[in-house]
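K.L.:
Sharing a model prediction with you, sequence too.
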Amino acid sequence: MSDFIETLKVNGYAKITSVFNDQEKKKLHEYSTNILNEEIINYKDVPPTLINNDVEKYYNDKNIYTFFKTLNRNFIGHNEELDQLFSNLFSKKEIKNYLKRILGEDYKLSTCMLRKADNNSDYMGLHCDNNFSFTMSILCNDIGENHPTTVFIPSSHKFNYNFRNEIERLNPEYFSYLTKSSLGEIGDINCFFNKTIHGIKKSSKKKKFSNIIWLLGFHRNSEKKQRTLLLPEYSNYGKKMVDIFSNDALNLFELKKDSRVFKNNINGDCLIDNINKKNRYSLKQIIMLNFLKFVSLNIKLIRKILYFKSYWKT
């Protein structure tokens with residue numbers, strides 16, 4: 001555990017390897033790829049999933065073509081082989097220990113989907129998400145530097161400043177000298193704090209590169225700004241969800257719309273708490289933070305100038 005945790009503490013992202021055996025890796029790739037070949041709808045046509053401020057319906061009927069030209073699919077409850085892989089993964093002592101060390105005892109899922117990016121997909125600019133969220137990205141195919149993939153600014157999770165989407169309009173390619181890419185082989189689990197500045201770079205146009213991952217976003221149950229996913233009672237293949245998954249896997253979701261119970265599970269030993277305390281910076285981090293603030297300020301100024309130019313024209 002120590003190498004993974006220490007790397008995560010330092011960089012804000014880290015990798016877990018050797019979790020799946022060869023047979024499981026084959027299933028991970030084959031069944032995940034097959035699901036993404038099914039019916040596709042545009043993101044504008046997705047039915048409403050919002051139930052209340054605590055939970056959100058888990059829509060897993062069709063693949064969704066997104067604004068960023070990626071293909072997304074909520075896959076739980078759709079393929080029994082993948083469901084078994086998922087259930088086994090979150091029953092592993094190693095994975096549970098990591099999540100408890102990072103988030104505490106009571107952690108939930110707010111994102112649980114397949115995502116495919118390819119040569120046609122757009123970039124997603126550098127940004128930060130909820131400071132108390134954590135993501136696991138499970139690779140369903142080998143990912144190299146030429147693939148479309150997530151990129152990170154190392155150690156940016158230590159900034160006591162949240163850029164949110166202030167520089168998101170810019171292509172991550174402009175910051176390639178600052179970023180590191182999320183790479184690896186089938187079955188690798190690339191993890192990161194959502195407070196770490198990250199984005200998605202486009203692929204090389206030389207070949208047809210694609211990137212398929214399980215994108216799993218976690219939050220502590222006490223984090224009221226995040227909604228937990230509400231599983232349907234039955235899977236798409238007719239079995240009850242409670243009969244398919246282990247308790248460890250079921251505990252990541254809600255099974256009833258009013259079943260979420262908030263607990264004050266703040267633990268001073270959790271990594272997610274520690275990264276949100278006031279941090280001291282190295283000289284390199286000070287330079288990087290001020291440079292990004294400078295970029296953000298200039299973007300705001302340019303937008304204001306363009307706004308006033310359009311205003312005076314009218």
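P.N.:
Noted; the coordinates are in hand. Numbers count the residues shown, from 1 in each chain.

K.L.:
Settle this for me: Arg115 is touching Lys69, isn't it.
P.N.:
No: with contact defined as Cβ atoms under 8 Å, Arg115 does not count as touching Lys69 (11.6 Å). From N, CA and C alone the C-beta is placed, and that goes for glycine too.

K.L.:
Can you classify the closest residue to Lys27 other than its chain neighbours by secondary structure?
P.N.:
Nearest residue to Lys27 in three dimensions, chain neighbours excluded: Glu81, at 5.3 Å (Cβ to Cβ, 6 or more residues apart in numbering). For Glu81, the assignment made with DSSP: H, G, I helix; E, B strand; the rest coil gives helix.

K.L.:
Next one: Glu81 from Ser91, what distance?
P.N.:
Note on Glu81: its distance to Ser91, by Cβ to Cβ, to the nearest Å, is 16 Å.

K.L.:
Tell me if I am right that Asn120 is in a strand.
P.N.:
No: read with three-state DSSP, Asn120 is coil and lies in no strand.

K.L.:
got a list of what it touches?
P.N.:
Lys69 (Cβ atoms under 8 Å, 6 or more residues apart in numbering).

K.L.:
and it, how far is that from Lys57?
P.N.:
From Asn120 to Lys57 the distance is 29 Å (Cβ to Cβ).

K.L.:
what is the rounded mean pLDDT of the longest helix seen in the chain?
P.N.:
The longest helix of the chain (DSSP state H) is helix 283-313. If you average the pLDDT over helix 283-313, you get 85.

K.L.:
Mind listing what's buried along it?
P.N.:
Neighbour-count burial for helix 283-313 flags 285, 288-289, 292, 295-296 (criterion: 16 or more other Cβ atoms under 10 Å).

K.L.:
May I have the distance across stretch 194-208, first residue to last?
P.N.:
29 Å (Cα to Cα, to the nearest Å).

K.L.:
quick one: buried residues of that stretch?
P.N.:
Going by 16+ other Cβ under 10 Å, stretch 194-208 has these buried residues: 194-203.

K.L.:
Of all pairs in those, which one spans the longest distance?
P.N.:
Greatest spacing in the buried residues of stretch 194-208, by Cβ to Cβ: Lys195 and Ser203 (26.3 Å).

K.L.:
Make a markdown table out of the buried residues of helix 283-313 and add distance to Phe308.
P.N.:
Shown next, in a markdown table, are these (distance: Cβ to Cβ, whole Å):
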| residue | distance to Phe308 |
| --- | --- |
| Gln285 | 35 |
| Met288 | 31 |
| Leu289 | 29 |
| Leu292 | 25 |
| Val295 | 21 |
| Ser296 | 19 |
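
K.L.:
Check whether Asn165 really touches Met124, as I assumed.
P.N.:
No: when contacts are counted by Cβ under 8 Å, Asn165 is not listed as touching Met124 (10.1 Å).

K.L.:
tell me the domain ranges of this structure?
P.N.:
2-279, 281-314 (automatic domain parsing).

K.L.:
out of the ones you listed, deepest packed?
P.N.:
domain 2-279 (a mean of 17; mean count of other Cβ atoms under 10 Å).

K.L.:
what's the offset of that domain from the middle of its chain?
P.N.:
Using Cα atoms, centre = their mean, to the nearest Å, the mean C-alpha position of domain 2-279 is found 3 Å from that of the whole chain.

K.L.:
is it true that Gly12 touches Thr196?
P.N.:
Yes: counting by Cβ under 8 Å, Thr196 is a contact partner of Gly12 at 3.4 Å.

K.L.:
Can you work out which residues contact both of the two?
P.N.:
With Cβ under 8 Å, 6+ apart, Gly12 and Thr196 have common neighbours 152, 156-157.

K.L.:
Among those residues, which one lies nearest to Leu271?
P.N.:
His157 (9.6 Å).

K.L.:
Could I get the pLDDT score of the closest one?
P.N.:
In this prediction His157 is given a pLDDT of 95.

K.L.:
That one should be in a helix, yeah?
P.N.:
Yes: secondary structure of His157 (three-state DSSP): part of a helix.

K.L.:
List the contacts of the nearest residue to it once chain neighbours are set aside.
P.N.:
Of all residues not flanking His157 in the chain, Gly12 sits nearest, at 3.4 Å (Cβ to Cβ, 6+ apart). For Gly12, the contact set (Cβ under 8 Å, 6+ apart) comprises 152, 154-158, 192-193, 195-196, 275.

K.L.:
Quick check: next helix or strand after the helix or strand harbouring Phe86?
P.N.:
Phe86 belongs to helix 80-89 when assigned by DSSP states H and E. Using DSSP H and E, the helix or strand that directly follows helix 80-89 along the chain is helix 93-103.
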